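Asks: Model the structure of this input:
(2 chains)
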Protein chains: 2
Amino acid sequence: MARVALLVQPHLDEVERRIAQQTAAFDPAIEGYVTYAVGGRGKRLRPLLALLAGGATGQINSGHLDLAVIVELIHIATLVHDDILDEAERRRGQPTVNARWGNSLSVLLGDCLFAHALNLSTNFENADISRAIARAAREICSGEMIQTQRRFDLKLEVDDYLRIVEKKTGSLFSTAAELGARISEADPRVIETFRKFGMRIGKAYQIYDDCLDIAGTESATGKTLGTDLRKGKFTLPVLIFLRSASEFERERYCSLILEGKCEQMTELLRNSATNGALNESIAAGSDLIREAQTGLDTIAQNPYGDALFALGGALREMFGHLRV
Amino acid sequence: MARVALLVQPHLDEVERRIAQQTAAFDPAIEGYVTYAVGGRGKRLRPLLALLAGGATGQINSGHLDLAVIVELIHIATLVHDDILDEAERRRGQPTVNARWGNSLSVLLGDCLFAHALNLSTNFENADISRAIARAAREICSGEMIQTQRRFDLKLEVDDYLRIVEKKTGSLFSTAAELGARISEADPRVIETFRKFGMRIGKAYQIYDDCLDIAGTESATGKTLGTDLRKGKFTLPVLIFLRSASEFERERYCSLILEGKCEQMTELLRNSATNGALNESIAAGSDLIREAQTGLDTIAQNPYGDALFALGGALREMFGHLRV
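Replies: Next comes the predicted model:
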């Protein structure tokens, strides 16, 4: 991923500086919390997408940098609230906001970041851009809400999962890529190509993240893992595993989940004799990446477009490390 | 209050219909929760302000109705999150969202409503209006956050309290009134008059609400009371009470609060022998209302402007019922 980012590293550094500067927009009484939440260097995937889509369709300008800052702030706001829901203790190698200052402050800090990001988005001259960002923010919240509402719902199917993922992750990835092209004043057809690319990469990334929650290690990822099953979030590997089980086995697995014996389930999912579901999920993610890459065929080639293609490759490589 | 609203009742009914219709904008899976949160008929004070300011400066149009819907949705979103923080059980005579479906769902439902409101606000042709709404949303969150951060802070002073109130309540009231005038394309000086009116009425209303938490009854208000002290929120009557106490008494009262013996403190605040602080708070609220009313002197008289003046009177009457 670092290799892909190299092309826009100076821009990413500038985005990082601007993100850090946002804390100054807050009351001194809360600046410290904002600094804590926006620090800790995440992967900045959404800014990367915005910048590369901008470069692939024109010159990267100040609007692209603003967009990159805004999508990352929205993402961080959702992480702060996610960690409350998941009762997660660690994120990006440090204690989560809720672990450090409790849930009340985390609810409000997420709100502050969210409101600030949407506030920044209204500075675009072109109101369509603010509208698209506000729409994405709404989609993320809807996706998260449907996911929460269907926790421990044994009737959840793969299609439901994919619809949730489209909203909660795909929407911001797709908006980052779409608006990157829109800010460059690209052709509507090209803008649509980037929107689709972002959506597919976003969905693939969420599938990766969900597989990581089962197959990863906390030391390598720097965050609390295994929370999905414990919280009743049935992700792709789990859904495929349950779908391919016999009725008898399915009942047993469901009991394990409902009784909170999640470690046994995780063991089963990781076990090489029964890991078909994990590998099938990885394959589904890879398919999405391939579709995303193929979609780029129609746009004019340049180094930024090539880097977007390579971003798909880097994500596929990350999937490769998960294969058991 | 009902008397003041009479003049714009058909418009308020239309706002109510539009608020109810917003649920259709959400995924069917979450529509039910949205319906629950937006129902339960609150006082709709912010819509009332928006409509009256609109009528006082021109003809009430569709833009004013949109504004009224948006400010109320933002307000409802903040209530949903507030009730999590306060662990409140009842609101508007029915169980709170958190009491019914838990904190996780409430965090996300608040987010959904908030994002949806900001999404609606981007539909205004005039981007300045969306900007002002996004700014108000940010101010509310900052105010709530500073308040939470300073819970149980015995160094909190009356001025700190007023600054918090300005942000968390004043900002949305002032934005409702300001934008009501702006949508009517009023003169900048007139817009500023309405902004100030909204700010003062908003602050007065918050002081009223904070006094109510001490002096009101749950059966009359339909909501959980006494949460402020329990949660370490030092409101105006408490701050005045502590300020006017001798050092010895002050120490005793602080111990009561820190040890969670809040009912004893509430008794002291309500007791006629020691209720100077409550009455002083009521007087401060009345002063703000008078200032707000005086500020209206410079605008051209019409029935809507008169109704705004009367809104101040109605609020002063509500204060009167609290006097012990």
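Asks: hey, let's count contacts and neighbours off CA atoms from now on
Replies: Will do.
Asks: who in the stretch 101-250 of chain A is up against chain B?
Replies: A:104-105, A:107-109, A:111-112, A:115-116, A:118-119, A:122-123, A:127, A:130-131, A:134-135, A:137-138, A:141-142, A:144-146, A:148-149 (Cα under 8 Å from any Cα of the partner chain).
Asks: Among these, name the ones in helices.
Replies: A:104-105, A:107-109, A:111-112, A:115-116, A:118-119, A:127, A:130-131, A:134-135, A:137-138, A:141-142, A:144-146, A:148-149 (DSSP state H).
Asks: What residues does A:V38 make contact with?
Replies: For A:V38, the contacting residues are A:19-20, A:73, A:76, by Cα atoms under 8 Å, 6 or more residues apart in numbering or on different chains.
Asks: Neighbour-wise, which one of those residues leads?
Replies: Of all those, A:L73 has the most neighbours under the rule other Cα atoms under 10 Å in any protein chain shown, reaching 26 neighbours.
Asks: Verify the contact between it and A:L113 for me.
Replies: Yes - assessed by Cα atoms under 8 Å, A:L73 is found in contact with A:L113 at 6.4 Å.
Asks: okay if I get the contacts of A:V38 as JSON lines plus secondary structure?
Replies: Shown next, in JSON lines, are the contacts of A:V38 (DSSP: H, G, I helix; E, B strand; the rest coil):
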{"residue": "A:I19", "secondary structure": "helix"}
{"residue": "A:A20", "secondary structure": "helix"}
{"residue": "A:L73", "secondary structure": "helix"}
{"residue": "A:I76", "secondary structure": "helix"}
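Asks: Quick one: the helices in the stretch 151-300 of chain A, in order.
Replies: A:158-165, A:171-183, A:188-215, A:218-221, A:227-230, A:236-244, A:247-258, A:262-270, A:276-295 (DSSP state H, counting those that start in this stretch).
Asks: so what does the last one touch, helix or strand wise?
Replies: Applying 3 or more Cα pairs under 8 Å, 6 or more residues apart in numbering or on different chains; DSSP states H and E, we find helix A:276-295 packed against helix A:188-215, helix A:236-244, helix A:262-270, helix A:303-322.
Asks: just checking, what packs against the second one?
Replies: In terms of contacts (3+ Cα pairs under 8 Å, 6+ apart), helix A:236-244 is packed against helix A:158-165, helix A:188-215, helix A:247-258, helix A:262-270, helix A:276-295.
Asks: Next, the buried residues of the second one.
Replies: Within helix A:188-215, the residues that qualify as buried by neighbour count (16 or more other Cα atoms under 10 Å in any protein chain shown) are A:190-208, A:210-215.
Asks: Is it correct that A:L296 is in contact with A:F309?
Replies: Yes - A:L296 is within contact range of A:F309, at 7.5 Å (criterion: Cα under 8 Å).
Asks: what sits against the closest residue to A:F152 other than its chain neighbours?
Replies: Spatial nearest neighbour of A:F152, excluding adjacent residues (Cα to Cα, 6 or more residues apart in numbering or on different chains): A:G232 at 4.4 Å. Shown in contact with A:G232 (Cα under 8 Å, 6+ apart): A:151-153, A:257.
Asks: Please apply the same query to A:E280.
Replies: Counting by Cα under 8 Å, 6+ apart, A:E280 has contacts A:237, A:240.
Asks: Same check on A:L113?
Replies: By Cα under 8 Å, 6+ apart, the neighbours of A:L113 are A:34, A:73-74, A:76-77.
Asks: how does it look with 7 Å?
Replies: A:73-74, A:77 (Cα atoms under 7 Å, 6 or more residues apart in numbering or on different chains).
Asks: again, but for A:A117
Replies: A:70, A:73-74.
Asks: and those as a markdown table, adding pLDDT and distance to B:N279?
Replies: Formatted as a markdown table, those follow (pLDDT from 0 to 100; distance: Cα to Cα, whole Å):
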| residue | pLDDT | distance to B:N279 |
| --- | --- | --- |
| A:I70 | 98 | 46 |
| A:L73 | 97 | 44 |
| A:I74 | 97 | 44 |
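Asks: Phi, psi for A:E157 please.
Replies: phi -120, psi 170 (degrees, to the nearest 10).
Asks: That one: neighbouring residues, count only.
Replies: 16.
Asks: Just give me the neighbour total for the closest residue to it other than its chain neighbours.
Replies: Distances taken as Cα to Cα, 6+ apart place A:L239 nearest to A:E157, at 6.7 Å, with adjacent residues excluded. By other Cα under 10 Å, the residues close to A:L239 number 20.
Asks: how near is A:L239 to A:I207?
Replies: 12 Å (Cα to Cα, to the nearest Å).
Asks: same question, A:A220
Replies: 18 Å.
Asks: Where does pLDDT dip in chain A?
Replies: Scanning chain A with the threshold set as pLDDT under 70 gives A:324.
Asks: could you redo the last one with a cut-off of 80?
Replies: Residues of chain A meeting the criterion pLDDT under 80: A:1-2, A:40-41, A:92, A:218-226, A:272-275, A:323-324.
Asks: Tell me the residue in it that is farthest from the middle.
Replies: A:F248 (35.1 Å; Cα atoms, centre = their mean).
Asks: which one of the helices of the stretch 151-300 of chain A has the most crowded surroundings?
Replies: Highest mean neighbour count of these: helix A:171-183, a mean of 29 (counted as mean count of other Cα atoms under 10 Å in any protein chain shown).
Asks: Who are the packing partners of that helix?
Replies: Applying 3 or more Cα pairs under 7 Å, 6 or more residues apart in numbering or on different chains; DSSP states H and E, we find helix A:171-183 packed against helix A:45-57, helix A:62-86, helix A:127-149, helix A:188-215.
Asks: counting contacts, what elements does the last one pack onto?
Replies: Yep, that's helix A:188-215 we're talking about. For helix A:188-215, the packing partners by 3+ Cα pairs under 7 Å, 6+ apart are helix A:171-183, helix A:276-295.
Asks: most neighbours, which of the contacts of A:G232?
Replies: A:I257 (22 neighbours).
Asks: who's in contact with A:T169?
Replies: With Cα under 7 Å, 6+ apart, A:T169 has these contacts: A:140, A:202-203, A:206.
Asks: just A:L85 next, same as before
Replies: Applying Cα under 7 Å, 6+ apart, the residues near A:L85 are B:S104.
Asks: and with 10 Å instead?
Replies: Listed by Cα atoms under 10 Å, 6 or more residues apart in numbering or on different chains, the contact partners of A:L85 are A:79, A:98, A:103, A:148, A:227, A:231, B:103-105, B:107-108.
Asks: Can you add distance to A:K167 and give the residues you listed back as a markdown table?
Replies: Listed next are these as a markdown table, based on distance: Cα to Cα, whole Å:
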| residue | distance to A:K167 |
| --- | --- |
| A:L79 | 15 |
| A:N98 | 24 |
| A:N103 | 25 |
| A:T148 | 13 |
| A:T227 | 20 |
| A:K231 | 19 |
| B:N103 | 21 |
| B:S104 | 18 |
| B:L105 | 17 |
| B:V107 | 17 |
| B:L108 | 14 |
